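Enquirer: no sequence on this one, just coordinates:
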Ligand SMILES: [Zn+2]
């Protein structure tokens, strides 16, 4: 059981950028971004990758989060049972409470189901997303092999622009293909929903 004070993973206002602190901080930050966009007292499966590698293979998760009424965030992996609590996350870089519910009323809310395998590239440390895009990606819920992402058409379109930028800067063909796959899936979902 880990007890983490999120302030220890900050360098000024931003996530600390080196070593094991950065790795653990990245994981905890992702848990906070996911939990702070979810209703209070609702235990929910996230797309946050579990840090553990039992038998040298990535733990399949999912990492569950609960934002308790007292403000503490609980996280627990559904597979390896690693778990912990996070406090002092409020008003840090990873606090996304204020990103919820400020979509334009006129913009329709879409509900896209994407393959978890394709989606994982968006959570890789080598992909650099803007804070708002990262928050949107982490709003998604894991449902078996799939990921369910709910957002406004504008949010999906902004994410596509970001992914397109990453495709242009991909270091090699393998990486480009991974990014293109999720780009195409989101694009197809939007087209099916009558957008784009
Ligand atoms: Zn695990």
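Expert: Good, I have the coordinates. Just so we're clear, the structure is a prediction, and the values are computed from it rather than from any experiment. Residues are numbered from 1 along each chain as shown.
Enquirer: Name the residues of the helix ranked longest in the chain that are buried.
Expert: Determined from DSSP state H, the single longest helix within the chain is helix 173-192. By neighbour count on 16 or more other CB atoms under 10 Å, the buried set for helix 173-192 is 175, 178, 179, 180, 181, 182, 183, 185, 186, 187, 189, 190. In this view, the C-beta of every residue, glycine as well, is placed from N, C-alpha and C.
Enquirer: Using a markdown table, please lay out these together with distance to the ion and pLDDT.
Expert: Output for the buried residues of helix 173-192, formatted as a markdown table (distance: CB to the ion, whole Å; pLDDT from 0 to 100):
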| residue | distance to the ion | pLDDT |
| --- | --- | --- |
| 175 | 25 | 94 |
| 178 | 22 | 97 |
| 179 | 25 | 97 |
| 180 | 29 | 98 |
| 181 | 24 | 98 |
| 182 | 23 | 98 |
| 183 | 28 | 98 |
| 185 | 25 | 97 |
| 186 | 27 | 97 |
| 187 | 31 | 97 |
| 189 | 28 | 95 |
| 190 | 32 | 93 |
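Enquirer: And the residues you listed, which two are furthest apart?
Expert: With CB to CB as the measure, no two of the buried residues of helix 173-192 lie farther apart than 175 and 190, at 23.1 Å.
Enquirer: For the spatially most central residue of the chain, which three-state class applies?
Expert: Centroid-nearest residue in the chain, with CA atoms, centre = their mean: residue 138, separated by 2.2 Å. Secondary structure for residue 138, judged by DSSP: H, G, I helix; E, B strand; the rest coil, is helix.
Enquirer: That one and residue 49 touch, don't they?
Expert: No. Contact criterion CB atoms under 8 Å: residue 138 and residue 49 do not qualify, at 10.8 Å.
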